[in-house]
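Enquirer: What follows is a predicted protein model with its sequence.
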Amino acid sequence: MTALAHRPDAAHALGASHTLWELVDRRAGLTPYDPVLIQAAEDPADDRTLTFRGLRDRAERTAAGLYAHGVRPHHTVAWQLPTRIETVVLSLALARLGVRQTPVIPGYRDREVALALRATGAAWYAHPGHWRGTDYTALAARIARSDGTAAQTLTAYDSLPEADPGTVPLPPPPDDGTRVRWIYWTSGTTSAPRGVRHTDRSLIAGGSCLAHALRLGPDDVGSIAFPYAHIGGPDYLVMLLLYGFPAVLFEKFALPDALDGYRRHKVTTAGGSTAFYSMFLAEQRKQPGIPLIPTLRLLAGGGAPKPAELYHEVVAELGCLLTHGYGMTEAPMITMGSPDDTPEELATTEGRPPAGMEIRVTAPDGTPLPPGAEGQVRLRGEAVCQGYLDEEETAAAFDADGFLITGDLGRVLASGHLVLTGRTKDIVIRKGENISAKEIEHLLYQHPGVADAAVVGLPDAERGERVCAVVEQPAGAPPLTLPEVTAYLREAGLAPYKLPEQLEVVDALPRNETLRKVLKYKLRERFG
């Protein structure tokens with residue numbers, strides 16, 4: 001290991017890589033024997049470690065194995081896999097081939113997986129087989145029967161196909177980082193997830209922004225306890241590649257079970273979203289005064305609202321910094337709190353945008369507003385996606401100046417820090433995942449005991465927001481219960497993480513006097 005390989009200017013030079021594979025290859029040349037991925041197992045004897053060179057070499061062999069199986073650069077490959085070394089290797093092998101890939105979070109079920117396969121025309125679907133109570137092989141078979149999807153399947157859990165790297169075509173050219181090779185999924189405001197189009201360069205830009213904001217270095221040990229198929233996966237990987245430090249992967253994150261992995265690998269930075277902060281804090285409160293993770297110095301994350309009170313509780317009781325940011329599938333890194341920010345800035349804002357990310361606050365018609373004024377938040381920069389699979393949705397999402405219309409409301413302070421104040425989009429952000437209210441409402445309407453329904457997100461200290469279903473019932477219908485509703489939605493194919501956690505039955509939903517639209521702000525006021 002050389003000091004030069006970890007200097008900030010070396011990280012900036014690596015950040016100039018045009019493709020993710022180029023970044024992997026260059027880091028492997030700089031610090032080949034340093035660890036990058038550490039798989040935490042329930043039994044410490046089963047822990048595994050992969051170095052930067054090992055990551056590159058194994059990805060090359062896997063690329064050759066996939067090529068031998070028939071995977072070609074013009075294909076789209078969907079993969080729905082847990083947070084494991086093999087998942088990262090498979091994704092990088094696909095990047096080595098120049099394949100377009102669409103990661104699908106493991107929590108998705110038939111409806112969402114079928115949509116991803118159909119909308120992208122995926123030729124292959126990689127899954128973990130039977131994992132955590134779900135038979136993904138059977139799921140793929142059901143989709144093939146009902147949807148006519150012709151994707152070939154590949155089980156990719158504890159083993160991956162390998163072959164001689166010399167049998168595959170050359171990697172994508174270094175100047176080819178602007179081709180859309182990634183389709184990530186977000187619920188947004190529609191009744192079904194939307195495919196978000198990213199390039200290698202937009203993912204590298206997002207990860208670079210995160211790395212520079214957090215100011216981590218070679219002595220740090222990170223952690224990935226969230227689904228690697230989330231847009232945060234490549235975000236974090238790029239940070240590891242730029243600054244040359246490792247991360248501990250948790251296939252199953254649950255406290256207190258995971259704490260031993262954090263401790264024995266001396267993790268210095270952890271997090272993910274507001275829910276993670278709350279979980280760590282709850283564990284710390286079981287033994288006040290005894291450091292939960294002695295080496296932990298930073299919690300960081302985003303993806304869900306963060307109460308200012310939670311910031312102060314974490315700092316006081318966990319004894320570490322907390323930096324929170326603002327990101328979305330369309331732009332994984334928009335703003336981020338920095339260790340240099342004041343406690344007030346860290347508690348009450350989402351941080352500042354990095355160089356290259358423009359934030360414009362506007363009136364509804366797109367007219368820019370002066371600093372400090374509240375309005376619609378719009379974005380422009382290299383980390384912003386190329387739009388959606390649906391061309392009409394893309395046209396509606398960007399204004400005439402090329403700014404992405406986020407649907408969020410906020411204001412920018414004189415210091416450059418962003419304060420979010422609300423959303424125009426009708427989504428619930430639970431544990432960092434976007435959940436479409438309309439999707440749940442559509443399924444609820446089909447229940448015989450529901451006359452009308454509205455779904456809202458309510459503030460929740462643990463999850464950021466919880467899903468609350470508010471329903472009107474037809475006359476004479478037996479009273480609904482939350483277990484009955486969740487069982488019905490499960491049967492309808494709704495992913496478990498989208499299930500309501502609160503049910504309210506009302507005589508009539510509040511509506512306006514013109515188009516009779518449901519006034520959801522009144523529901524939030526009443527039940528929040």
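Expert: On my side now, so go ahead.
Enquirer: Please count neighbours and contacts with C-alpha atoms only from this point.
Expert: Will do.
Enquirer: Helices of the stretch 51-200 of the chain, start to end?
Expert: For the stretch 51-200 of the chain, the helices defined by DSSP state H, counting those that start in this stretch cover 52-69, 85-97, 110-120, 136-147, 200-214.
Enquirer: angle of the second one against helix 52-69?
Expert: It refers to helix 85-97. If you take axes from the mean of the first three to the mean of the last three CA atoms, to 10 degrees, helix 85-97 sits at 70 degrees to helix 52-69.
Enquirer: where do the strands sit along the stretch 101-250 of the chain?
Expert: Assigned by DSSP state E, counting those that start in this stretch, the stretch 101-250 of the chain shows strands spanning 124-127, 130-131, 134-135, 152-155, 180-186, 194-199, 222-224, 247-250.
Enquirer: For the ones you listed, give me a markdown table that also has mean pLDDT and distance to residue 410.
Expert: Converted to a markdown table, the strands of the stretch 101-250 of the chain look like this (pLDDT from 0 to 100; distance: least, CA to CA, whole Å):
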| stretch | mean pLDDT | distance to residue 410 |
| --- | --- | --- |
| strand 124-127 | 98 | 39 |
| strand 130-131 | 96 | 41 |
| strand 134-135 | 96 | 40 |
| strand 152-155 | 96 | 44 |
| strand 180-186 | 95 | 21 |
| strand 194-199 | 96 | 23 |
| strand 222-224 | 97 | 29 |
| strand 247-250 | 98 | 33 |
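Enquirer: Of those strands, which is nearest residue 296?
Expert: Residue 296 lies closest to strand 222-224 among the strands of the stretch 101-250 of the chain, at 9.7 Å (CA to CA).
Enquirer: Give me the distance from the closest one to the chain's centre.
Expert: 14 Å (CA atoms, centre = their mean, to the nearest Å).
Enquirer: Following the chain onward from whatever helix or strand residue 470 lives in, which element is next?
Expert: Using DSSP states H and E, residue 470 maps to strand 464-472. Going down the chain from strand 464-472, the next helix or strand is helix 482-491, by DSSP H and E.
Enquirer: in that next one, what's buried?
Expert: For helix 482-491, a neighbour-count test (16 or more other CA atoms under 10 Å) marks 485-486, 488-489 as buried.
Enquirer: And stretch 270-283, by the same measure?
Expert: Going by neighbour count (16+ other CA under 10 Å), the buried part of stretch 270-283 is 270-281.
Enquirer: Among the residues you listed, which are located in helices?
Expert: Using DSSP state H, the subset of the buried residues of stretch 270-283 located in helices is 274-281.
Enquirer: got a pLDDT number for the residue nearest the centre of the chain?
Expert: The residue lying closest to the centre of the chain (CA atoms, centre = their mean) is residue 230, at 3.4 Å. We have a pLDDT of 92 for residue 230.
Enquirer: With adjacent residues omitted, what lies nearest to it?
Expert: Sequence neighbours aside, residue 105 is the residue nearest to residue 230 in space, at 6.3 Å (criterion: CA to CA, 6 or more residues apart in numbering).
Enquirer: Surely that neighbour and residue 81 touch.
Expert: Yes: here residue 105 reaches residue 81: they are 7.1 Å apart, a contact under CA atoms under 8 Å.
Enquirer: So these two - more neighbours on which side?
Expert: For residue 105 versus residue 81, neighbours defined as other CA atoms under 10 Å are more numerous around residue 81 (28 against 22).
Enquirer: Between the two ends of stretch 100-118, how far is it?
Expert: End-to-end distance of stretch 100-118: 14 Å, with CA to CA, to the nearest Å as the criterion.
Enquirer: That should have said stretch 27-34, apologies.
Expert: Distance between the boundary residues of stretch 27-34 (CA to CA) amounts to 10 Å.
Enquirer: buried residues in it?
Expert: Using 16+ other CA under 10 Å as the test for burial, stretch 27-34 gives 27-28, 30-32, 34.
Enquirer: give me the low-pLDDT residue ranges for the stretch 151-300 of the chain?
Expert: Applying pLDDT under 70 to the stretch 151-300 of the chain flags the ranges 187-191.
Enquirer: check contacts around the most far-flung residue of the chain relative to its centre.
Expert: Distance from the C-alpha centroid of the chain peaks at residue 476, with 43.2 Å (CA atoms, centre = their mean). With contacts defined as CA atoms under 8 Å, 6 or more residues apart in numbering, residue 476 has no neighbours.
Enquirer: Could I get the pLDDT score of it?
Expert: Residue 476 carries a pLDDT value of 91.
Enquirer: Break the protein into its domains for me.
Expert: Per automatic domain parsing, the domain ranges recorded for the chain read 4-267, 282-423, 427-527.
Enquirer: for the second one, how far is the first residue from the last?
Expert: To tie it back to what came earlier, the one meant is domain 282-423. Span of domain 282-423 from end to end, CA to CA: 29 Å.
Enquirer: circling back to that earlier point, Throw the ones in helices among the buried residues of stretch 270-283 into JSON lines and include distance to residue 304, thanks.
Expert: Listed next are those as JSON lines, based on distance: CA to CA, whole Å:
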{"residue": "274", "distance to residue 304": "6"}
{"residue": "275", "distance to residue 304": "8"}
{"residue": "276", "distance to residue 304": "11"}
{"residue": "277", "distance to residue 304": "11"}
{"residue": "278", "distance to residue 304": "12"}
{"residue": "279", "distance to residue 304": "14"}
{"residue": "280", "distance to residue 304": "16"}
{"residue": "281", "distance to residue 304": "17"}
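Enquirer: Show me which of the residues you listed is closest to residue 142.
Expert: The nearest member of these to residue 142, counting by CA to CA, is residue 275 at 33.2 Å.
Enquirer: can I assume that closest one is in contact with residue 465?
Expert: No: here residue 275 does not reach residue 465: they are 9.2 Å apart, not a contact under CA under 8 Å.
Enquirer: joint contacts of those two?
Expert: Residues touching both residue 275 and residue 465 (CA under 8 Å, 6+ apart): residue 431.
Enquirer: Quick one: distance of stretch 52-61 to the chain centre.
Expert: Distance of stretch 52-61 from the chain centroid (CA atoms, centre = their mean) equals 25 Å.
Enquirer: Show me what it is in contact with.
Expert: With contacts defined as CA under 8 Å, 6+ apart, stretch 52-61 is touched by 24-25, 27-29, 31-36, 89-90, 92-93, 96, 161-165.
Enquirer: cool, stretch 90-101 as well?
Expert: Contacts with stretch 90-101, where a contact means CA under 8 Å, 6+ apart, come from 20-21, 59-63, 72-79, 160, 168-172, 180-183.
Enquirer: From those residues, list the buried ones, please.
Expert: Buried by 16+ other CA under 10 Å: 20-21, 59-63, 72-73, 75-79, 160, 168, 172, 180-183, out of the contacts of stretch 90-101.
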